[in-house]
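Asker: 3D model of this:
(chains A and B)
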There are 2 protein chains.
Amino acid sequence: MAVNSPLPVAADLKPVAGIELGYAEAGIKKPNRKDVLVMKLAEGATVAGVFTKNRFCAAPVQVSKANLEAVKGGGKAIRALVVNTGNANAGTGEPGLQNAQATCAEVARLLGLDAQQVLPFSTGVILEPLPVQKIVAGLPAAIANLKADNWFNAAEAIMTTDTQPKAASLTTTIGGHTVTMTGISKGAGMIKPNMATMLGYLAFDAKVAQPVLDELVKYAADRSFNSITIDGDTSTNDSFILVATGAGSLVVDSTDSADYAALRDAVTGISRHLAQQIIRDGEGATKFITITVEQGRDIEECRKIAYAIAHSPLVKTAFFASDPNLGRILAAIGYAGVDDLDTAKLDLYLDDVLVAKAGGRNPDYKEEDGQRVMKKAEILVRVVLARGEADATVWTCDLSHDYVSINADYRS
Amino acid sequence: MAVNSPLPVAADLKPVAGIELGYAEAGIKKPNRKDVLVMKLAEGATVAGVFTKNRFCAAPVQVSKANLEAVKGGGKAIRALVVNTGNANAGTGEPGLQNAQATCAEVARLLGLDAQQVLPFSTGVILEPLPVQKIVAGLPAAIANLKADNWFNAAEAIMTTDTQPKAASLTTTIGGHTVTMTGISKGAGMIKPNMATMLGYLAFDAKVAQPVLDELVKYAADRSFNSITIDGDTSTNDSFILVATGAGSLVVDSTDSADYAALRDAVTGISRHLAQQIIRDGEGATKFITITVEQGRDIEECRKIAYAIAHSPLVKTAFFASDPNLGRILAAIGYAGVDDLDTAKLDLYLDDVLVAKAGGRNPDYKEEDGQRVMKKAEILVRVVLARGEADATVWTCDLSHDYVSINADYRS
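Answerer: Next up is the predicted model:
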């Protein structure tokens, strides 16, 4: 069960003018399960993405990146996205690329587009051939039920080991214009994390120039999907896509404006919410942990330390056990790779409890204070380096028996 | 239960002339348990060590490094080592250093040495004050039972979460001289690994000049204790110590000799055996996995890829489940950080089974072949990069329910 993460309510997920969503049950891995999603975009929409850095990036990631590049090179705009679960189409070589392209071609044929105007996405088991015939057979049904208010179904259609759909929506006013944005996410991945694949799609109805959207997607990803981790594995398929449908009245042509800043902050906020839902529903998660590293020399070293803590199996099992075995956090800080770190200046807090002071145990620290915090479902780990002004925050979960069970049984 | 790792037999552990070992039950954390070990070295012995790179390195590590440096600066030779379990004396600040020094001073007083001639070691819980009075109180008993044939007891005295003592011994002939070497190890750590602390001590009766021994300890560590990993955590206390007692007839003054090469290979072999015993007895381990990465441009990239595979919780849980979900290995290779890796050239073998060929699934690969290998207790993962002549090997174990149980209960 996800940690403090109520199920999204379908009625709260606002339609975004300029995007319609349709799903199908194509029986890719299991029958009677939504496993294909098509998103159709209005003319005038712009699309930008951030993708896994895994060298074994999946065939659909390669095709999506190439198709987005083609737009920048003067090609026709992206007008549709297609997602399948049940198979990652990764480690599949040349046949995998052909299958991803065949999927795009079929979506394009049904919607009257060119294949290059379609971005494909896959998530599921790696190293197995994509059952492209099943996807193709499912596409007409997905396209037949394209609707603007299908976001909840869409969130369900992209689930794999997720225990619940993930979605968020908001309406805000920017420069006098109403902007509606709705997004969905699944799995857990991106740069660091992944137990399955992380996918995130966020659409809003402003009109945003391509270079501005390219900037925005990186900014939002760094502060959301790129700041979460479950187990340190980075998937072959992780993708985060922003769609600016252009159907609303707000127009943003430059990153140098108050409108951009407001849009950026709204997009970042909702992206973070979508990313945190992934952690709250991490495989076997029983705790939601925020790790903040403060007063570092630069963001890079703060992130190194935050991720070292977040990835340590010893730290994660201690959280699972609610055991304030906090020396494990110091050990993780120590091996994070910040070679000139002066541990004698470092303070460590667990929520409001000062555990380690100036690199050693705080003389006033009492085990029962640590125990009290460790028992909570939401815990803040705060590391103060006292050597600069940079900071970074990473969100993670604990490592439980259920994590092992889920991943030892994944394919069965 | 350790994977294919028979219990050492006390009678097989040969005394090494020039070193005596004595233990005590000092009640540091639990009563009726060997938890203090003293090793007394003959005059003329040389000592060299490799220590954790953790920035929060423990007080005893700091003192041991300083005392070894003092010898190089012309100080008196190291003549004793003292080890306690039950407390790591790490994250303990200035009082921790004083406690480590007080332990050395007491050993020195009892043996008629200077405090700087003693190297201290601790392993156990981090961030708790060292109960130095208990150690001091236990020292006379340890010194009273100093014996040359106490290696098995010594191996028991340094255990923490180990399920069995770890030791190895051999006699060999080098340049016409008989050389006897015996070593012990515990825990699992060093550079990458650690679930507890890795400690290793290996003594032999050759006479080896200090610079030669310094070189030898690094060479052997890189090919043994620095090539294992259980969970990617690096302890605050990891240490590997070589003692050349000088009591035998072999003298090695230079690394540029056939005698050195023979000694180096013997030391490396036994060190590897001691290191592998740690993996075989890894917390919750049910499989012993050898990961070899071949035909890389340099050792560094081979090690990066081997460690990425070895640390992936997804790969490790798949091994635990005997599930040939081998795409997870490709994913780990892909995110190992070798940015220009051409995955289209890469082959992946599981024992003799060619799983992935030229970056994609081998068309001849059958799931039952993968399954057959995954069911074994000892598995070889072989990655062929086809871009150079370097290779590297790392040893690891799987990630099981018992790993979570052990680490969630460690302090209770």
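
Asker: all contacts plus neighbour counts: C-alpha atoms, from now on.
Answerer: Fine.

Asker: how near is the residue nearest to A:V208 when sequence neighbours are not counted to chain B?
Answerer: Ranked by C-alpha to C-alpha, 6 or more residues apart in numbering or on different chains and with sequence neighbours excluded, the top spatial neighbour of A:V208 is A:V252, at 4.9 Å. Taking C-alpha to the nearest C-alpha, to the nearest Å as the measure, A:V252 falls 35 Å from chain B.

Asker: neighbouring strands for whichever helix or strand A:T292 is part of, and are they parallel or not?
Answerer: A:T292 is located in strand A:288-296, with elements delineated by DSSP states H and E. In the sheet, strand A:288-296 lines up against strand A:378-384 (parallel), strand A:390-397 (antiparallel) (DSSP bridges).

Asker: make JSON lines from those and add mean pLDDT and distance to B:S405 to it.
Answerer: Formatted as JSON lines, the strands paired with strand A:288-296 follow (pLDDT from 0 to 100; distance: least, C-alpha to C-alpha, whole Å):
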{"stretch": "strand A:378-384", "mean pLDDT": "97", "distance to B:S405": "21"}
{"stretch": "strand A:390-397", "mean pLDDT": "94", "distance to B:S405": "17"}
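
Asker: before we move on, the earlier item: what is the burial count for the residue nearest to A:V208?
Answerer: 20 (other C-alpha atoms under 10 Å in any protein chain shown).

Asker: that older thread, quick check: next helix or strand after the strand holding A:T292?
Answerer: Next along from strand A:288-296, by DSSP H and E: helix A:299-311.

Asker: what packs against that following helix?
Answerer: Contacting helix A:299-311 under the criterion 3 or more C-alpha pairs under 8 Å, 6 or more residues apart in numbering or on different chains; DSSP states H and E are the following elements: strand A:228-229, strand A:288-296, helix A:327-334, strand A:390-397.

Asker: can you say which of those is packed in most?
Answerer: Ranked by mean neighbour count, these are led by strand A:228-229 with a mean of 30 (mean count of other C-alpha atoms under 10 Å in any protein chain shown).

Asker: wait, A:T163 touches A:R280, no?
Answerer: No. A:T163 is beyond contact range of A:R280, at 10.3 Å (criterion: C-alpha atoms under 8 Å).

Asker: mind listing the shared neighbours of these two?
Answerer: Residues touching both A:T163 and A:R280 (C-alpha atoms under 8 Å, 6 or more residues apart in numbering or on different chains) are A:A2.

Asker: quick one: closest of the helices and strands packed on helix A:299-311 to A:V132.
Answerer: Minimum separation from A:V132 across those (C-alpha to C-alpha) falls at strand A:228-229, 31.0 Å.

Asker: can you pull out the low-pLDDT segments for the stretch 51-200 of chain A?
Answerer: A:188-196 (pLDDT under 70).

Asker: A:A168 in helix, strand or coil?
Answerer: Under DSSP: H, G, I helix; E, B strand; the rest coil, A:A168 falls in the strand class.

Asker: please name the bridge partners of it.
Answerer: A:G183.

Asker: what sits against it?
Answerer: So A:A168 contacts A:8, A:13, A:182-184, A:270, A:273-274 (C-alpha under 8 Å, 6+ apart).

Asker: now it: how far from A:A24?
Answerer: 22 Å (C-alpha to C-alpha, to the nearest Å).

Asker: go on, A:A11?
Answerer: 21 Å.

Asker: what of A:T343?
Answerer: In this view, A:T343 and A:A24 are 55 Å apart by C-alpha to C-alpha.

Asker: one more: A:N99?
Answerer: From A:N99 across to A:A24, the span is 18 Å (C-alpha to C-alpha).

Asker: tell me which of those two has more neighbours.
Answerer: Taking A:N99 and A:A24 together and counting by other C-alpha under 10 Å, A:A24 has the greater number of neighbours (26 against 21).

Asker: who's the more buried one bridged to?
Answerer: A:V36.

Asker: check contacts around it.
Answerer: Per C-alpha under 8 Å, 6+ apart, neighbours of A:A24: A:34-37, A:138-139, A:141-142, A:157.

Asker: is there a quick ChimeraX command that grabs whichever of these are buried?
Answerer: To isolate the buried ones among the contacts of A:A24 in ChimeraX, judged by 16 or more other C-alpha atoms under 10 Å in any protein chain shown, type:
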select /A:34,35,36,37,138,139,141,142,157
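
Asker: just the contacts of A:A24 now: which is nearest chain B?
Answerer: Nearest to chain B among these is A:D35, at 20.5 Å by C-alpha to the nearest C-alpha.

Asker: return the residues in contact with the closest one.
Answerer: Listed by C-alpha under 8 Å, 6+ apart, the contact partners of A:D35 are A:23-28, A:83-86, A:157-158.

Asker: so which of those residues sit within helices?
Answerer: Within the contacts of A:D35, residues falling in helices by DSSP state H are A:A157.

Asker: name the member of the contacts of A:D35 that has the highest neighbour count.
Answerer: A:Y23 leads the contacts of A:D35 on contacts (other C-alpha under 10 Å) with 31 neighbours.

Asker: which residue would be the closest one in the stretch 301-412 of chain A to chain B?
Answerer: Distance from chain B to each residue of the stretch 301-412 of chain A (C-alpha to the nearest C-alpha) is smallest for A:G334, at 4.2 Å.

Asker: was I right about that residue contacting B:T52?
Answerer: No. At 10.0 Å, A:G334 and B:T52 do not qualify as touching, with contact defined as C-alpha under 8 Å.

Asker: shared neighbours of those two, anything?
Answerer: By C-alpha under 8 Å, 6+ apart, the residues touching both A:G334 and B:T52 are B:T236.

Asker: which parts of stretch A:43-57 are buried?
Answerer: Buried, per 16+ other C-alpha under 10 Å, within stretch A:43-57: A:44-57.

Asker: whoops, I mixed them up, stretch A:149-169
Answerer: A:149-169.

Asker: what helices or strands is the lengthiest helix in chain A leaning on?
Answerer: Using DSSP H to define each element, chain A has its longest helix at helix A:258-280. Packing contacts for helix A:258-280, counted by 3+ C-alpha pairs under 8 Å, 6+ apart, involve strand A:166-174, strand A:177-186, helix A:210-222, strand A:228-229, strand A:390-397.

Asker: how about CSV for those, with distance to A:S64 added?
Answerer: Shown next, in CSV, are the helices and strands packed on helix A:258-280 (distance: least, C-alpha to C-alpha, whole Å):
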stretch, distance to A:S64
strand A:166-174, 23
strand A:177-186, 18
helix A:210-222, 14
strand A:228-229, 23
strand A:390-397, 28
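
Asker: thought A:I228 was touching A:L274?
Answerer: No. The criterion here is C-alpha under 8 Å, and A:I228 misses it with A:L274 at 10.8 Å.

Asker: how much space between A:L110 and chain B?
Answerer: For A:L110, the distance to chain B - C-alpha to the nearest C-alpha - is 30 Å.

Asker: nice, that's everything, thank you.
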